[in-house]
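1. Based on what follows, work out the 3D shape:
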Amino acid sequence: MNLRYSQKFVSSLRKLAAADKTTVIHAVELFQENPFHPSLRNHALAGKMSGKRAIAVDHDPRIIFTERGNYQDVTLLDVGGHAEVYRH
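-> Below is the predicted model of the structure:
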């Protein structure tokens, strides 16, 4: 998996509390090992976010991403609370 981080993702990650940052980093590591691990709840998005996917980091934080080539190329687009990342 070729993993890229958008500037928006990096910026949003920096704004998270230290504990949430650690949880996000662990989720990204798990995602790299197995993008469909059940705890990540990987799912396609619809509507204005069609073509993007999301994974759950914990109860609320989500990571929005795009993938190409059956997860050969993945770009992490945003991270944050449910209400924050789905408002785009």
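2. going forward, measure contacts between C-alpha atoms and count neighbours the same way
-> Fine.
3. How about residues contacting stretch 70-84?
-> For stretch 70-84, the surrounding residues in contact (CA atoms under 8 Å, 6 or more residues apart in numbering) are 1-10, 12-13, 16, 60-68, 85.
4. Okay, and which of those residues map to strands?
-> With DSSP state E as the criterion, strands contain 2, 3, 4, 5, 62, 63, 64, 65, 66, 67, 68 from among the contacts of stretch 70-84.
5. Number of residues surrounding the residue lying closest to residue 9 once chain neighbours are set aside?
-> Distances taken as CA to CA, 6 or more residues apart in numbering put residue 78 closest to residue 9, at 4.1 Å, once the chain neighbours are dropped. For residue 78, the neighbour count with other CA atoms under 10 Å is 23.
6. Report pLDDT for residue 78.
-> With respect to pLDDT, residue 78 has a value of 95.
7. Confirm that it sits in a strand.
-> Yes. With DSSP: H, G, I helix; E, B strand; the rest coil as the criterion, residue 78 is located in a strand.
8. hang on, the earlier thing: just the buried ones out of the contacts of stretch 70-84, please.
-> Listed as buried from the contacts of stretch 70-84 are 9, 12, 13, 16, 61, 62, 63, 64, 65, 66, 67, 85; burial here means 16 or more other CA atoms under 10 Å.
9. Can you tell me the closest non-neighbouring residue to the fourth one?
-> Computed as CA to CA, 6+ apart, the closest residue to residue 16 that is not its neighbour in sequence is residue 80, at 7.5 Å.
10. ok, the one you found to residue 55 distance?
-> Relative to residue 55, residue 80 is positioned 11 Å away (CA to CA, to the nearest Å).
11. Common neighbours of the two, please.
-> 62, 63.
12. In PDB, list the C-alpha atoms belonging to the longest helix seen in the chain.
-> Ranked by residue count and defined by DSSP state H, the top helix of the chain is helix 18-33. As requested, the backbone C-alpha atoms of helix 18-33 are provided in PDB (Å, rounded to 0.1, in the frame of the first residue of the first chain):
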ATOM      1  CA  ALA A  18      -2.600  13.800  22.300                       C
ATOM      2  CA  ALA A  19      -4.700  10.700  23.200                       C
ATOM      3  CA  ASP A  20      -6.700  11.000  19.900                       C
ATOM      4  CA  LYS A  21      -3.500  11.400  17.900                       C
ATOM      5  CA  THR A  22      -2.100   8.200  19.400                       C
ATOM      6  CA  THR A  23      -5.400   6.400  18.600                       C
ATOM      7  CA  VAL A  24      -5.300   7.700  15.000                       C
ATOM      8  CA  ILE A  25      -1.700   6.500  14.500                       C
ATOM      9  CA  HIS A  26      -2.600   3.000  15.700                       C
ATOM     10  CA  ALA A  27      -5.700   3.000  13.400                       C
ATOM     11  CA  VAL A  28      -3.600   3.900  10.400                       C
ATOM     12  CA  GLU A  29      -1.100   1.200  11.300                       C
ATOM     13  CA  LEU A  30      -3.900  -1.400  11.500                       C
ATOM     14  CA  PHE A  31      -5.400   0.000   8.200                       C
ATOM     15  CA  GLN A  32      -2.000  -0.600   6.500                       C
ATOM     16  CA  GLU A  33      -1.900  -4.200   7.700                       C
END
